[in-house]
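**Q** Structure for this input, please:
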Amino acid sequence: MFLLIFKIIRHHCLALTLLGSLFLAGCSAVRFGYEQAPSLAYWWLDGQMDFSSEQTPKVRDTLDRLQGWHRRQELRPYADLLARAATLAEGAVTTEQACQLTQEVQQRMNVFVREAIRLAAPVAATTELRQIRHLGQHQEQKNTQWEAQWLQGSEASRLQYRLDKLVDRYTDFYGNLSDAQVKLLRQQLEQSVWSPQWGRQERLRQQRDLLNALMRIEQDKPGIRQAEEILQGVWSRWMQPPSEVDRQRWQNWQEQGCKQMAELHNSTSAEQRQRAARRLRAYEKDLRELAGRS
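**A** As a prediction, this is how the structure comes out:
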């Protein structure tokens, strides 16, 4: 639970993108990375959209304004959430507590994306056909890389790959894991609702949805408000798949994630919990210092 919150908050504090995000690993990178986020986000987005000379200054201005809004409105709520999470991290947690915190993070994420889309809609309304094609090609390249990582090899090797990555993440957060904790993570992966096949299906669905939305904007030339509504629809469907079967699977996956994160945290030692709490409080301190510069 606490690792997920730590990652999601770091993810979105450094993002400043429309429908994607940047990731800078390590709490110590946050303050420097946050100040550089508009420039980093511009180059990340430009690699996908290939902005025109007319769009470039508008995109940069949008990212600067989004960062200003984020610093004023979002850093303190995130810091407050981290403070509560750090206190909880010192003891055992319930599945309900894990779900409550992750739901609060999701709510903050929704606020961020709504504002990002609102500010970016004027630029999105100028999307060109060549840019949609460029984005599609970029997605295909990334999909090839993703599939090489998650879908190649035997089922056992794919499971081991997922386990190794999960162990690395939790080790960075809690410190070295015991053999029993690694065994628990393996069992959780074996029982997980998520699979690489389903992950690929959802990845492609979301990509098609975005491309179709941009194509609609390019062809219909809607007003800024209509472009904003189209993109808000994309985000809603990313979080709530249109298919009832997929919606239920998403729900089951989220509930399972809360339970599994609580199980892993409750297996940790007092030393591991203190390490996690220190990480969360250090990150909270970074966010409060950043908020104080607004």
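
**Q** Would you mark the buried spots in the helix ranked longest in the chain?
**A** Taking DSSP state H as the criterion, the chain has its longest helix at helix 95-124. Buried residues in helix 95-124, counted by 16 or more other CB atoms under 10 Å: 95, 97-99, 101-102, 104-105, 108-109, 112-113, 115-121, 123-124. (Each C-beta comes from the backbone N, C-alpha and C, glycine too.)

**Q** How about stretch 233-244?
**A** By neighbour count with 16+ other CB under 10 Å, stretch 233-244 contains the buried residues 234-235, 241.

**Q** what does stretch 36-45 give?
**A** For stretch 36-45, burial by neighbour count (16+ other CB under 10 Å) applies to 37-38, 40-42, 44-45.

**Q** Could you do stretch 172-181 as well?
**A** 173-174, 177, 181.

**Q** what about the helix or strand harbouring residue 276, distance to the chain center?
**A** Assigned by DSSP states H and E, residue 276 falls within helix 270-291. Centroid displacement of helix 270-291 relative to its chain, using CA atoms, centre = their mean, to the nearest Å, is 19 Å.

**Q** What's the first helix or strand after the worst-scoring helix or strand of the chain on mean pLDDT?
**A** The helix or strand of the chain with the poorest confidence is helix 2-13; it has a mean of 47 (mean pLDDT, DSSP states H and E). On the C-terminal side of helix 2-13, the closest following helix or strand by DSSP H and E is helix 30-49.

**Q** Next secondary structure element downstream of that following helix?
**A** Past helix 30-49, the next helix or strand by DSSP H and E is helix 55-73.

**Q** In that next one, which residues are buried?
**A** Neighbour-count burial for helix 55-73, with 16+ other CB under 10 Å as criterion, is recorded at 55, 59-60, 62-64, 66-67, 69-71.

**Q** and which of those is nearest to residue 79?
**A** Among the buried residues of helix 55-73, residue 71 lies closest to residue 79 (CB to CB), at 11.7 Å.

**Q** isn't the closest one right up against residue 291?
**A** Yes - here residue 71 reaches residue 291: they are 6.3 Å apart, a contact under CB atoms under 8 Å.

**Q** surely residue 264 meets residue 183?
**A** No - counting by CB under 8 Å, residue 183 is not a contact partner of residue 264; they are 11.3 Å apart.

**Q** Looking at those two, which has the bigger crowd around it?
**A** Ranked by neighbour count (other CB atoms under 10 Å), residue 264 and residue 183 place residue 264 first, with 20 against 13.

**Q** The more buried one sits in which helix or strand?
**A** Using DSSP H and E, residue 264 falls in helix 244-266.

**Q** That helix versus helix 95-124: what angle between them?
**A** Inter-element angle recorded for helix 244-266 and helix 95-124: 130 degrees (by axes from the mean of the first three to the mean of the last three CA atoms, to 10 degrees).

**Q** what does helix 244-266 contact?
**A** Contact with helix 244-266 is made by 1-4, 89, 92-99, 102, 170, 181, 184-185, 188, 191-194, 198, 202, 240-241, 273, 276, as judged by CB atoms under 8 Å, 6 or more residues apart in numbering.

**Q** can we see that at 7 Å?
**A** Applying CB atoms under 7 Å, 6 or more residues apart in numbering, the contact partners of helix 244-266 are 1-2, 4, 92-95, 98-99, 102, 170, 181, 184-185, 188, 192-194, 240-241.

**Q** need the buried residues of stretch 36-45 in TSV with distance to residue 148, can you?
**A** Output for the buried residues of stretch 36-45, formatted as TSV (distance: CB to CB, whole Å):
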residue	distance to residue 148
37	29
38	32
40	26
41	26
42	28
44	21
45	24
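
**Q** which of those residues lies closest to residue 154?
**A** Minimum distance to residue 154 across the buried residues of stretch 36-45 is 34.0 Å, recorded for residue 44 (CB to CB).

**Q** Report pLDDT for the closest one.
**A** Note for residue 44: predicted pLDDT of 88.

**Q** next one: residue 241
**A** For residue 241, the model assigns a pLDDT of 89.

**Q** where's it, which helix or strand?
**A** Using DSSP H and E, residue 241 is not contained in any helix or strand.

**Q** how about it, what does it touch?
**A** 205, 247, 250.
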